[in-house]
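**Q** Sequence and computational prediction follow.
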Amino acid sequence: MKLTFESDFVESAVFLAIRQNEAEGSGGSAKQWHTQRDKIYAVKDTQSRAKAFRELDEEWFIRLGLRQRFDSLLNVFPILEDTSLVIRIRRALSRKDEGSELYIQGKVKTNLIKFQTVRLFEADYLEKFLHHEWLRVSDMLDPVFQYSPHAALSGASELEDNLIRDRYRLLWEFYVSIRLLKMGFRILTSLTRQKQLMDRAFSKWTAEAREKILWEIANQKHQTQSDFLKLAKDEKLMVPLGQGGLLCPLCHFTSFDPADLSFQQNPMVIEEIKRDHPNWNIDWGICQNCFDLYQSKPRVAV
Ligand SMILES: [Zn+2]
């Protein structure tokens, strides 16, 4: 893996770090930096001068410990040691512009990370941000996650696609956050806030359903991109209980509580259900509520 910094980023980061040193009164190195810069100003040839400034910035980027912060954060993610991976750090000019993307072109994978240099001096923002982005990129590179940049959202409309995309991001973000916390790191968006967002995005689900999914994610029951897409698509809501879904084929409500339908114990109840729902078969399952209803139904002797 190759970690590179765009010169704009390095220049701005060094400048801000020097200014901070001066503000804190530890101006010894700042003085040295100014002296070195003044010497470069004297260089007449524009190109050589620009080159000298760039080299000076790069030298100070290391000297001020800025580069080291990135290197030590990277050490946490062994998957990123991939030799075909290039990580580029670019300066973002606004908050809106911040983020990270993975581009795959043939055998070369490029992770472009953009953020404002001022973030380097905001408590542990850099650590939280990069841990998050690099665990996400690790997922994309991990065969277990089975990531595809072209995975289909398969919504019925653009509106539905947007909804699926939002939910998928929220679920994945939670999956990333929960693992970072387990690794002992701090996270950018608190779990409380993430849960609030999920309550809104998955408002059709019951509170129990949401809790159950979060518990499953926290316990790594969903580990692939398609798991998260399926949950985001609500597909489970359309599949009968007995076939791994959450739909009760009788009452058509979402249920996380399938009844145990072992035939030997409850032959009468099964017969009752079949009488009312001739198309129903035992493999579809039934929710506990419906089951209880049938079990308590007074039987008419035939
Ligand atoms: Zn039911």
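**A** Yes, it's here.
**Q** What residues does the stretch 151-300 of the chain have near the ion?
**A** Residues of the stretch 151-300 of the chain lying near the ion by C-beta under 5 Å from the ion: 248, 250-251, 287, 290. The way it works is simple: take the backbone N, C-alpha and C, and place the C-beta from them, glycine included.
**Q** And the furthest pair within those?
**A** Of all pairs drawn from these, the widest gap by C-beta to C-beta lies between 250 and 287 and measures 7.3 Å.
**Q** Give me the neighbour count for the closest residue to residue 74 other than its chain neighbours.
**A** Setting aside the residues directly before and after it, residue 74 is nearest to residue 80 in space (C-beta to C-beta, 6 or more residues apart in numbering), at 6.1 Å. Residue 80 is flanked by 19 other residues according to other C-beta atoms under 10 Å.
**Q** Need the phi and psi values for residue 80.
**A** Dihedral pair for residue 80: phi -80, psi 0, per degrees, to the nearest 10.
**Q** cool, residue 105 as well?
**A** Main-chain torsions, residue 105, degrees, to the nearest 10: phi -130, psi 100.
**Q** if I look at it, how far off is residue 224?
**A** 24 Å (C-beta to C-beta, to the nearest Å).
**Q** Looking at those two, which one has more neighbours?
**A** Higher neighbour count among residue 105 and residue 224: residue 224, with 15 against 7, using other C-beta under 10 Å.
**Q** three-state assignment of the closest residue to the ion within the stretch 51-200 of the chain?
**A** The nearest approach of the stretch 51-200 of the chain to the ion comes at residue 199, 23.8 Å away (C-beta to the ion). Three-state call for residue 199 (DSSP: H, G, I helix; E, B strand; the rest coil): helix.
**Q** quick one, strands of this structure?
**A** Ranges of strands in the chain, per DSSP state E, are 2-5, 85-91, 99-105, 108-115.
**Q** who does the third one pair up with?
**A** Using DSSP bridges, the strands paired with strand 99-105 are strand 108-115 (antiparallel).
**Q** Equivalent analysis for the shortest one, please.
**A** The strands beside strand 2-5 in its sheet (DSSP bridges) come out as strand 85-91 (parallel).
**Q** Export only the CA atoms of the partner strand, formatted as CSV.
**A** The C-alpha trace of strand 85-91 is given here as CSV (Å, rounded to 0.1, in the frame of the first residue of the first chain):
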residue,chain,number,x,y,z
LEU,A,85,-3.9,-0.1,-2.9
VAL,A,86,-3.0,3.6,-3.1
ILE,A,87,-4.3,6.0,-0.5
ARG,A,88,-4.4,9.6,-1.5
ILE,A,89,-5.1,12.4,1.0
ARG,A,90,-6.6,15.5,-0.5
ARG,A,91,-7.5,18.8,1.0
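**Q** Now tell me which of the strands of the chain the model trusts least on average.
**A** Lowest mean pLDDT within these: strand 99-105, at a mean of 92.
**Q** residues in contact with it?
**A** Contacts with strand 99-105, where a contact means C-beta atoms under 8 Å, 6 or more residues apart in numbering, come from 92, 109-115, 133, 136-137, 140-141, 149.
**Q** mind redoing it with 7 Å?
**A** Identification of contacts with strand 99-105 by C-beta atoms under 7 Å, 6 or more residues apart in numbering yields 109-114, 133, 137, 140, 149.
**Q** No more questions from me, cheers.
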